[in-house]
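Novice: Task: produce atomic coordinates for the following.
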Amino acid sequence: MRLTRRMLCLALCLMLIPLPALGEESASAPTVRIYLKRLNLTDRADLWLEGVYTAATGGEAIMAFPRGAEITLQVRGGSIYLFYEGMSVQVGTRLTLIQNESGQTGQEGVRFSEGGNLYPGALQWTVEDGVLMPILTLSVEDYLMGVVPYEMSNLFPLEALKAQAVCARTYALAHLNPSAAYDMVDTTANQVFRGINPANLNAIRAIEETAGVVGG
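Specialist: Numbering: from 1, shown residues only. Reported below is the predicted structural model:
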């Protein structure tokens with residue numbers, strides 16, 4: 001099924017058209033919301049913040065973190081507790097980690113393991129059946145950096161990676177669903193998304209050189 005989908009998508013990419021009115025309506029790419037199911041989190045998450053972040057709940061900021069901060073989220077009695085440098089804060093059943101103005105693309109974000117891939121954007125946390133449920137909101141172009149080198153190896157020729165980038169972008173934009181809690185999951189149920197590794201230079205170049213292009 002996955003192979004068939006990929007072949008059909010690559011065929012579509014033989015005809016490329018620019019994303020309609022994107023440049024006219026917004027200076028930035030559309031955003032997508034990804035449920036990070038593949039991480040298999042339970043009631044605890046240890047996070048490394050590569051960037052400046054603010055924790056907010058109920059629309060109000062409760063704590064700010066400098067670059068390099070290490071924090072832990074844990075569910076206790078149905079509520080999320082945030083632990084940072086000996087402090088703990090009960091934040092209820094919803095928390096958002098907001099990434100402040102970002103710097104170089106692919107160099108900032110949240111890591112779920114020390115030295116692991118980067119997950120840029122805003123990270124919303126809720127509790128479902130006692131388990132942490134993370135939903136990442138990020139630009140579609142950043143999202144592709146965590147998709148293309150895993151749906152197709154970074155070692156593939158540049159033109160093949162460009163075709164894959166267009167296919168992945170087309171698929172993502174077709175699955176935006178504002179009425180749902182999230183747009184896609186990070187598994188083969190939609191597209192594999194594993195965060196950004198800045199070493200995947202070929203894939204990143206392919207995405208940048210096809211920015212805003214979809215299959216038609």
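Novice: For the rest of this, base every contact and every neighbour count on C-alpha atoms.
Specialist: Noted.
Novice: ok now do the nearest residue to Leu41 once chain neighbours are set aside, which residues does it touch?
Specialist: Nearest non-adjacent residue to Leu41, counting by C-alpha to C-alpha, 6 or more residues apart in numbering: Leu132, 6.4 Å away. Under the criterion of C-alpha atoms under 8 Å, 6 or more residues apart in numbering, the neighbours of Leu132 are 41-45, 74-75, 125-126.
Novice: Show the buried residues in the residues you listed.
Specialist: 43-45, 74-75, 125-126 (16 or more other C-alpha atoms under 10 Å).
Novice: biggest helix in the protein, by residue count?
Specialist: For the chain, the helix with the greatest residue count under DSSP state H is helix 158-174.
Novice: ok, back up a step: adding secondary structure and distance to Ile34 as columns, could you present the contacts of Leu132 in a markdown table?
Specialist: Below are the contacts of Leu132 laid out as a markdown table (DSSP: H, G, I helix; E, B strand; the rest coil; distance: C-alpha to C-alpha, whole Å):
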| residue | secondary structure | distance to Ile34 |
| --- | --- | --- |
| Leu41 | coil | 15 |
| Thr42 | coil | 17 |
| Asp43 | coil | 19 |
| Arg44 | strand | 19 |
| Ala45 | strand | 17 |
| Gln74 | strand | 21 |
| Val75 | strand | 21 |
| Trp125 | strand | 12 |
| Thr126 | strand | 14 |
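Novice: No further questions, thank you.
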